[in-house]
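Peer 1: Give me a model of this one.
(chains A and B)
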There are 2 protein chains.
Amino acid sequence: MALVNPHFLQLPNHYLFSEIAERVGRYRQRHPDADIISLGIGDVTQPLAPAVVQAMHRAVDELASASTFHGYGPEQGYASLREAIVQHDYAARGIDLSPDEVFVNDGAKSDCGNIGELLHTDNRVAVTDPVYPVYVDANVMGGRAGSLHDGKWNELTYLPCTEANHFVPQLPAQPVDIVYLCYPNNPTGTTLTRAQLQRWVDYARRHRTLIVYDSAYEAYIQDTRIPHSIYEMEGAREVAIEMRSFSKTAGFTGVRCGYTVVPKALKAYTTDGKPASLNQLWHRRQSTKFNGASYVSQRGAEAVYSAEGQEQVRRTIAYYMENARLIKQGLTTMGLTVYGGDNAPYLWVKTPDGKTSWQFFDHLLHQSHVVCTPGSGFGPSGEGFMRLTAFADRNRTLQALERIAGTRGKR
Amino acid sequence: MALVNPHFLQLPNHYLFSEIAERVGRYRQRHPDADIISLGIGDVTQPLAPAVVQAMHRAVDELASASTFHGYGPEQGYASLREAIVQHDYAARGIDLSPDEVFVNDGAKSDCGNIGELLHTDNRVAVTDPVYPVYVDANVMGGRAGSLHDGKWNELTYLPCTEANHFVPQLPAQPVDIVYLCYPNNPTGTTLTRAQLQRWVDYARRHRTLIVYDSAYEAYIQDTRIPHSIYEMEGAREVAIEMRSFSKTAGFTGVRCGYTVVPKALKAYTTDGKPASLNQLWHRRQSTKFNGASYVSQRGAEAVYSAEGQEQVRRTIAYYMENARLIKQGLTTMGLTVYGGDNAPYLWVKTPDGKTSWQFFDHLLHQSHVVCTPGSGFGPSGEGFMRLTAFADRNRTLQALERIAGTRGKR
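Peer 2: Numbering: from 1, shown residues only, chains lettered A, B, ... in the order given. A predicted model of the protein is given here:
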């Protein structure tokens, strides 16, 4: 008899974004003429950079002829792309990585989920709260979360990020084996200073804790004092995996390409303390269960690093960051309290009038036809907040603000 | 302290194809002028179908403009592609599936590896022997294989496929919970008749065994009596997952797109016998740990089902199958014993002169500059065989045959 993984059955039925889609769908059915603007799910709207488009067309043409055809590529990604990543994203910031420490993938979500396979079920896992749900759900599936009680998994360590601590997670009181950190943060849009991030690296070195560092939004950092990579911190390569994506950097949410850095100095340990190289194990995992990102996507990603590509993606990021500025200014003027949005495409907005996150979600949907993401969907400490994103078209963003301003007057 | 998954440490250091690449690399270093022909790794060589190329160019153009841009798609694949799959690959053969039983992915290898996440560590797993290494290695990583002794994992059930049983695996003597079947078979190139496959489905229904059915090579079937899908068998949707890929059907090894069918009638069970829907759990797994195949790849895949696309991919498959016929005829004329190749792009060749698989691999590489895949790399019962593929260019295939014929004379 085929036995099911019992941990999967622990998961509640709804993934946050499916629940949002269903609520919006039901509203749309009752109000088919409603012109709904989404400032909710973190999907981009602006087209690919021309340099990327050209590279992808060239790649398709190569596949159209036997003499230039590319079949299976290296599971870890083409060498030229891995070298471009090392050069532009790391060497340029004084970080010395080797291309075989970089693993190209089909997007950060896959690796965020799959990285847990390398790790023992018995590890104690810490997550910030609020948190990107994938870190939690993947650990539920992997048997590291225990069971759900009052919105919390009893075997996870939650690190609250609240107004009171300025959204900076405190080091855990009891040692943890794995910690997920995402900066610039999804969902709060806040960042860590160098000193704050160094404290985490030092903690991890002391406790041999693995840091899974998600820096998918590093391209949005404006303030030069904020670290882009955890490897800017001393000793980080001994304790941290870093995940990045072209999704938000270059509009690749539909193209699918990202990468994970697993330094050779990084170790996990057997129960009797023997070190094992996570770089080797991840190489083996990817060779066995992955066949490389699409050739066309990889060629597109490489073009992001060309001079024109860099200039073009910077322009798109500036466009989104102007959205962020307009949202923050607009909502603040309306008397709302807004965090984030200065070095991230996310804004973390306090729900007014004592409304819960879902109450304010429904209010915004019904009154303004604007979709946000309820903060409570990101964890218990997200209650009383909503996440807005800067990824919409400018006019739609301004229109959404006008509508919200209108209903704020009427409340 | 971050603890490593101990099962990963059980894996031997080398993946079969890495070992081959290293041996070829060493030979090439010593003989830089050698013109080496690979009939080894199963990668295609012929270009994409023109209909696919056009569709991919159109998709890239859509991503180049805000009004037609596509960001995140459904994790399970675009509805139009799922409907085309249901219509062409199933309804056309009298199989009634619903699009939400089809999950589009970035290639069959990922899902072959990841499907085990849904299943309990304690399941007893059976594999045919020889076997595609991914099924075994993924179960080693998942803790279901035990430890390796004399080339066999002590907790796996091996189903020998040998000359003696005409490469048809016998039902296991002791019940198993999960069985991997791949037909047309990789590596032997053999097939199962309807009656033989129905016996497996009946077995699975009796024992509530899950069949993971890999039909990545179904497009190569020439004999109309051979089933293309396990769902042609009565009751199969209660017990089987089917995996397919555009890699071999349409040359997508670099493009990356495939799909997995998880019927709604399919169940796995809790230890106390309660059924759980694998369709729901896989949906949840993919929503959490996958973000959909590339938009460009999915559009390309959809074009495979257009009238021109169908005609074009059929022509390429006929080209490869003519290679298979030439190899089989050529080697048989040389006095070698050859199986497979009639309904599959793989040929399973008995090594002559009592050579082991790796001895014959080295012999072919050194004497003929031809790369094969040693049968023993696919499992203990593969010893004394080598796998050749029909995917090379015609001229290279004929050249390889000539060279082998030359060395056969000299032996």
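Peer 1: pLDDT averaged over the biggest helix by length in chain A, what's the number?
Peer 2: Criterion DSSP state H: the longest helix present in chain A is helix A:307-333. Mean pLDDT, helix A:307-333: 98.
Peer 1: list the helices and strands that helix packs on?
Peer 2: If you count contacts as 3 or more CB pairs under 8 Å, 6 or more residues apart in numbering or on different chains; DSSP states H and E, helix A:307-333 packs onto helix A:50-63, helix A:246-250, helix A:295-304, strand A:338-340, strand A:346-350, helix A:394-410. For every residue, glycine as well, the C-beta is placed using N, CA and C.
Peer 1: Could you check the angle the fifth one makes with helix A:394-410?
Peer 2: This means strand A:346-350. Following axes from the mean of the first three to the mean of the last three CA atoms, to 10 degrees, one obtains 0 degrees for the angle between strand A:346-350 and helix A:394-410.
Peer 1: Where does residue A:180 sit: helix, strand or coil?
Peer 2: Using DSSP: H, G, I helix; E, B strand; the rest coil, the secondary structure recorded for residue A:180 is strand.
Peer 1: ok, how many other residues are close to the residue lying closest to it once chain neighbours are set aside?
Peer 2: Nearest non-adjacent residue to residue A:180, counting by CB to CB, 6 or more residues apart in numbering or on different chains: residue A:135, 4.3 Å away. Neighbourhood size, residue A:135 [other CB atoms under 10 Å in any protein chain shown]: 24.
Peer 1: measure residue A:135 to chain B for me?
Peer 2: Taken as CB to the nearest CB, to the nearest Å, the spacing of residue A:135 relative to chain B amounts to 10 Å.
Peer 1: Can you name the residues that contact that residue?
Peer 2: Contacts for residue A:135 were tallied using CB atoms under 8 Å, 6 or more residues apart in numbering or on different chains; they are A:112, A:127, A:180, A:212.
Peer 1: Which pLDDT value belongs to it?
Peer 2: On the pLDDT scale, residue A:135 gets 97.
Peer 1: Check which helix or strand it maps to.
Peer 2: Using DSSP states H and E, residue A:135 sits in helix A:133-141.
Peer 1: re earlier: deepest in the core, which of the helices and strands packed on helix A:307-333 is it.
Peer 2: Mean neighbour count, computed with mean count of other CB atoms under 10 Å in any protein chain shown, is highest for helix A:295-304 among the helices and strands packed on helix A:307-333, reaching a mean of 28.
Peer 1: for that helix, packing partners?
Peer 2: Looks like helix A:295-304 contacts helix A:50-63, helix A:79-85, helix A:246-250, helix A:307-333, helix B:295-304 (3+ CB pairs under 8 Å, 6+ apart).
Peer 1: try 10 Å
Peer 2: Packing partners of helix A:295-304 (3 or more CB pairs under 10 Å, 6 or more residues apart in numbering or on different chains; DSSP states H and E): helix A:50-63, helix A:79-85, strand A:102-105, helix A:246-250, strand A:258-261, helix A:307-333, helix B:50-63, helix B:295-304.
Peer 1: What's the local residue count around residue A:205?
Peer 2: Residues near residue A:205, counting by other CB under 10 Å, number 15.
Peer 1: ditto for the one 10 residues further on
Peer 2: Using other CB under 10 Å, the number of residues around residue A:215 comes to 23.
Peer 1: And the residue of the stretch 101-250 of chain A that's closest to chain B?
Peer 2: Closest contact between the stretch 101-250 of chain A and chain B, by CB to the nearest CB, is at residue A:113 (3.0 Å).
Peer 1: Could I get the contacting residues of that residue?
Peer 2: Counting by CB atoms under 10 Å, 6 or more residues apart in numbering or on different chains, residue A:113 touches A:134-135, A:137-139, A:141-142, B:114, B:117, B:285-286, B:288-291.
Peer 1: quick one: pLDDT of the closest residue to it other than its chain neighbours?
Peer 2: Nearest non-adjacent residue to residue A:113, counting by CB to CB, 6+ apart: residue B:289, 3.0 Å away. The model reports residue B:289 with a pLDDT of 95.
Peer 1: Hmm, residue B:289 is touching residue A:114, no?
Peer 2: Yes - if you go by CB atoms under 10 Å, residue B:289 and residue A:114 touch, sitting 6.3 Å apart.
Peer 1: Can you say which of the helices and strands packed on helix A:295-304 is nearest to residue A:17?
Peer 2: With respect to residue A:17, and counting by CB to CB, the nearest of these is helix A:246-250 at 14.7 Å.
Peer 1: average pLDDT across the closest one?
Peer 2: With pLDDT averaged residue by residue, helix A:246-250 scores 97.
Peer 1: Who are the packing partners of it?
Peer 2: Using 3+ CB pairs under 10 Å, 6+ apart: helix A:246-250 touches helix A:50-63, helix A:108-114, strand A:258-261, helix A:295-304, helix A:307-333.
Peer 1: With just CA atoms, put that helix into PDB.
Peer 2: Extracted in PDB, the C-alpha atoms of helix A:246-250 (Å, rounded to 0.1, in the frame of the first residue of the first chain):
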ATOM      1  CA  PHE A 246      16.100  37.600 -12.400                       C
ATOM      2  CA  SER A 247      12.300  37.800 -11.700                       C
ATOM      3  CA  LYS A 248      12.300  41.100 -10.000                       C
ATOM      4  CA  THR A 249      15.700  42.300 -11.300                       C
ATOM      5  CA  ALA A 250      14.800  42.000 -14.900                       C
END
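Peer 1: That'll do, ta.
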